[in-house]
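**Q** Quick one, what's the 3D model for this:
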Amino acid sequence: MPFQKYIDALALMDATIAVNDAVIAANGEYSTWYFSEQGTKLSAPICTAWDNLYTFVHANFPAPVSFGNSPFADPDKEKYAADVDEMVVMFSKNRETLEEELRKIPPVIAEVAFPVYIARHLLRDFRIAVSPSQLTTFDEFHNRYGYMIISGAK
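**A** Residues are numbered from 1 along each chain as shown. Okay, here's the model as predicted:
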C-alpha cells in the first residue's frame, strides 16, 4: 500500500499520545512534576515512545532538500522557500484542521513537512511531556527540520 508509512507514523503518534496520557493519569498534570528530577524519570516512557516514532520517521520520510546544509548555501532556493512556506502555513492551523490534515489518506501535507506537522500536533495540541535532552532522535530532527521551523515561525 503506497500510504502505509503515513498510517504507521500516525499509529506511532497515537501510541505516543497514549503513553503520555497514561503517565499524566498516574501522576497528575505534567506541569506539577515535569521540571523535577522525578519528572525526568516519569517522562522516560514518553520519550521512548517519541523516539520510536521519530526513528521510524527518519527512516521512512525524506529529509528536506536543505538537510545538512545552510539554507543560504543550498542551490535550490525555490525548494527551500517552499519548505519554509509550508511551515508558515502549518503554524497558522488550529488543532482541528491540523489533525484532520494529518489523518487524511492520501496525505494532503508535503512529505518532508509531515514529520514536523506530527511534532507540532504532539507538542502544541497534546502537550506531550518530552525533554529534548532525553530524546535520542532530537538532534536528527533538529538537523533535518530546524531551519524550516525557525524560518517559518518568524
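**Q** In space, not sequence, find me the middle residue of this structure.
**A** Nearest residue to the geometric centre of the chain (C-alpha atoms, centre = their mean): residue 119, 2.0 Å.
**Q** so how far is residue 79 from residue 8?
**A** 26 Å (C-beta to C-beta, to the nearest Å). All C-beta spots, glycine's among them, are computed from the backbone N, C-alpha and C.
**Q** What strand or helix carries the residue nearest to residue 15 when sequence neighbours are not counted?
**A** Excluding its sequence neighbours, the residue lying closest to residue 15 (C-beta to C-beta, 6 or more residues apart in numbering) is residue 49, at 5.7 Å. If you go by DSSP states H and E, residue 49 is part of helix 44-60.
**Q** Give the rounded mean pLDDT of that helix.
**A** Regarding helix 44-60, the rounded mean pLDDT is 97.
**Q** related to what we said a few turns ago, neighbours of the residue nearest to residue 15, just the number please.
**A** Residue 49 has 24 neighbouring residues, counting by other C-beta atoms under 10 Å.
**Q** tell me the contacts of it?
**A** Applying C-beta atoms under 8 Å, 6 or more residues apart in numbering to residue 49 gives the contacts 12, 15, 16, 19, 20.
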